[in-house]
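Novice: Got a predicted structure plus its sequence, pasted below:
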Amino acid sequence: MSIRFDSETRIFVLETAHTSYHMKVDALGHLLHLYYGKTIGSGDLMQLYPRTDRGFSPDYYAYRTHRGISPDLLPQEYTGCNVGDFRLSCVTVADNRGAFGADFTYVSHTVEAGKYQLNGLPCAHAEENDAETLIVRMQDEVTGLTLELLYGVFARQDVITRAARLTNHGDTPLRLDKAASACLDLPFGRWDLLHFHGRHAMERQLEREAVGTHIQTVSSVRGSSSHHNNPFLILCRQDATETSGACYGVMMVYSGSYQMDVERSQTGLVRVVSGIQEERFAWNLKPGETFDTPEVILSFAAEGLTPLSQQYHRFLRRNICRGPWKDKRRPVLINNWEATYFDFNTEKIVKIAEKAASLGVEMMVLDDGWFGTRNDDNQGLGDWVVNCEKLPGGLDPLIEQINALGMKFGLWIEPEMVNENSQLYRTHPDWALTLPGRKPAMGRNQLVLDFSRPEVVDYLAEAIGKLLREHHIEYIKWDMNRSMSDVYSRAFPAEQQGEIMHRYMLGVYALAERLTQGFPEVLFEGCAGGGGRFDAGMLCYYPQIWCSDDTDAIERLTIQHGTSFGYPVCTMGAHVSACPNHQTGRTTPIDTRAVVAMSGTFGYELDLGKLKRAECTAVKNQIKRFKRLNDLIRTGDYYRLTDPAENAYFTAWQFAAEDGSEALLNLVVTHPQANPLPIHLCFRGLEEDAVYELDGIDYFGSQYTHDGGNAIEDGIHKGMRFSGSTLLYAGLVLPQLFGDYPSVQLHLTRKG
Ligand code: GLA
């Protein structure tokens, strides 16, 4: 049993393989958070929070004369509203008199096998009974608002998920102006905050800063989780590294506007409150109605950032991703976007596919521009009817030719958007989100469809379902290319306009659920102008997401590095594109581009017909190598060996099979130097006592090494054997690599 309750002390203990989570129902019935961290045994944890009369921290009414028991000082599982805790709050609730107030006290709890699910929201699922659920029921006596705190305990994974369910059991309507998913009060100490900010074509850049005394916020108001801040943060000890120090992860399973706030209180406790974005949120809760918050995934690692990331990787692969593709190697694809943009026809696409098929590519993806009047990105969205000028006879003749080459066929869609010149918009102008009396801000000249309306979701389920039913489409790239502004729904009354942003997300999830359940064999890839909606919510439907519109291999090192803190490589869409790169103008060796894209889903996005003969041979070999290595890359443990921001010379990362049987080291020189320090690296994740053979050693793009090419003989070479401990602690030195952006892949196999 990973969930225990002691009815005498009224203490809950949630245990995972290496962590403990303690809470206590206090004398007044409030649920206090006592501890989350490395596994601990017995002992009174209330001594951590001794009674202290601190000025201007008000006492509970029952203690008004003895003083020193204050909601403002005690660690809480989920705060009330306006009742004396001045730190970050979880909920803002108003009754029909306009009185803001809620004070939750314990009513009962249940422990269930398996994992709770949420109404209309994506969340983690159990696999082979690997989860238990705790539901703690609390009530605010005055309003009748009940709070169910939901805990999913995944013992083996060292993960605890949380969500809150609020139900109006009173007689009068209530309004929620804030409804967070979870509060986490951390033990004492000084913490750093790691978060992943960015912008279009530059997503998930790691920033590490000290947790100060002001509130630090990671959030999005854009209607999507956004390029600008990812809904994932880490709090770690200030001296924590990849391999040491306590680290907590907080990840939202949500793809819309969100808010994650961090505050260090006057007593040095750090609180993290995560949930839906408060700005412009107001949810009406009539008597009998329930509101489920999105889920939050918590994880703790005592020994640094690498184990924390690996816990998230395993969990997302196993308990977030679903469907038949989640554990499979994905087909090597060719996408025509950077090859043709909007300028294509059947003949051009077939030509690209023929070349691709001859090199071993397995799927042709037709990107934007195949429908309506979509000849540039100013028009055509909304009418999902094939453009027969570009594709005479429609999709089928094209798909037949692709399939005849032995390739699968995939298609791009952007279901959430509409252009004003579409038939859809002319028929239903009220289906777009626009403010009354104002000209809307336009993103890529497109408007956002009002997914809070069920009829819009139905229409798209039918339109896209029809495409999938009528054509042999085996992959869908679901794009979303603008931030949401002018949010106003014509289907809802004034008092419900604060619900629209969240209702929109419920509509998106409803459509994703219908399509993925209705067409389970189809591989879906998420996308939002690259990685603008790269989050665990979307991963519940699509097992992969296009990581960034920046396909430059060197920039991708930083983007994929940042992404790797929370997300496994098998979820990161990554392609080899043309050089000079279309986003940066940089030229990198084609094999270096492949080394980087292979640490992702892997594919190509260029006109392969323009490659030289040697490059074509390289592509053939890359695909063979990808197929050979993908099991290890997809399911192995991932290790960041360098931080691209700190090591200007090279970036290195590694995979090790969970059972220690093989490993792959990848390295890209990002800044060749005339007289560099030796490239010295220690492997990670190997068995100390095992013997490993260096059976794969590939140098790519290096023009020559420091002694005219003999370095490989002088130094490491294929067939060498080392004990695991030698590789772990003494390490290897690689030859000096010259030229523009050379790369290396070293493969080790356990031999005894
Ligand atoms: C977005 C995507 C690209 C491509 C274009 C098409 O930017 O991220 O990969 O699909 O849209 O318009």
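Specialist: That came through fine.

Novice: what does the domain assignment say about this protein?
Specialist: Here the domain parsing of the chain from automatic domain parsing is 3-320, 333-630, 650-751.

Novice: Just send the ones you listed back as CSV, with mean pLDDT, distance to the ligand and mean neighbour count too.
Specialist: Any C-beta I mention is one placed from the backbone N, CA and C, and that applies to glycine too. Shown next, in CSV, are the domains of the chain (pLDDT from 0 to 100; distance: least, CB to the nearest ligand atom, whole Å; neighbours: other CB atoms under 10 Å):
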stretch, mean pLDDT, distance to the ligand, mean neighbour count
domain 3-320, 97, 8, 19
domain 333-630, 98, 3, 20
domain 650-751, 90, 23, 17
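
Novice: Turn those domains into CSV, columns for distance to residue 642.
Specialist: Shown next, in CSV, are the domains of the chain (distance: least, CB to CB, whole Å):
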stretch, distance to residue 642
domain 3-320, 10
domain 333-630, 9
domain 650-751, 5
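
Novice: which one's the longest helix in this structure?
Specialist: Ranked by residue count, the top helix of the chain under DSSP state H comes out as helix 613-635.

Novice: other SSEs contacting the longest strand seen in the chain?
Specialist: Ranked by residue count and defined by DSSP state E, the top strand of the chain is strand 174-186. Under the contact criterion of 3 or more CB pairs under 8 Å, 6 or more residues apart in numbering; DSSP states H and E, strand 174-186 touches strand 31-38, strand 91-94, strand 159-168, strand 247-253, strand 270-276, strand 283-285, strand 295-301.

Novice: related to what we said a few turns ago, so which residues make contact with the longest helix of the chain?
Specialist: Helix 613-635 is contacted from outside by 317, 327, 329, 332, 359-361, 569-570, 576, 590-591, 594, 598-599, 602, 604, 608, 611, 655, 657-658, 662-664, 698, 745, 747, using CB atoms under 8 Å, 6 or more residues apart in numbering.

Novice: What about those, which are in strands?
Specialist: 576, 604, 655, 662, 663, 664, 698, 745, 747.

Novice: What sits closest to the last one if chain neighbours are left out?
Specialist: So the one you mean is residue 747. residue 696 (3.1 Å; CB to CB, 6 or more residues apart in numbering).

Novice: quick one, what contacts that neighbour?
Specialist: 664, 718, 745, 746, 747, 748 are the contacts of residue 696 under CB under 8 Å, 6+ apart.

Novice: same question, residue 444
Specialist: Here residue 444 is in contact with 377, 378, 481, 482 (CB under 8 Å, 6+ apart).

Novice: three-state assignment of the third one?
Specialist: Which is residue 481. Using DSSP: H, G, I helix; E, B strand; the rest coil, the structure places residue 481 in coil.

Novice: One more: the first one?
Specialist: Remark: residue 377 carries the secondary structure label coil [criterion: three-state DSSP].

Novice: and which of the ones in strands among the contacts of helix 613-635 is nearest to residue 71?
Specialist: Of all those, residue 655 has the smallest distance to residue 71: 47.3 Å, by CB to CB.

Novice: Look at the nearest residue to the closest one once chain neighbours are set aside and say how many residues are nearby.
Specialist: Nearest residue to residue 655, sequence neighbours excluded (CB to CB, 6+ apart): residue 636, at 3.8 Å. Neighbours of residue 636 under the rule other CB atoms under 10 Å: 23.

Novice: contacting residues around residue 636?
Specialist: 655, 656, 657, 658, 662, 663, 664, 685.
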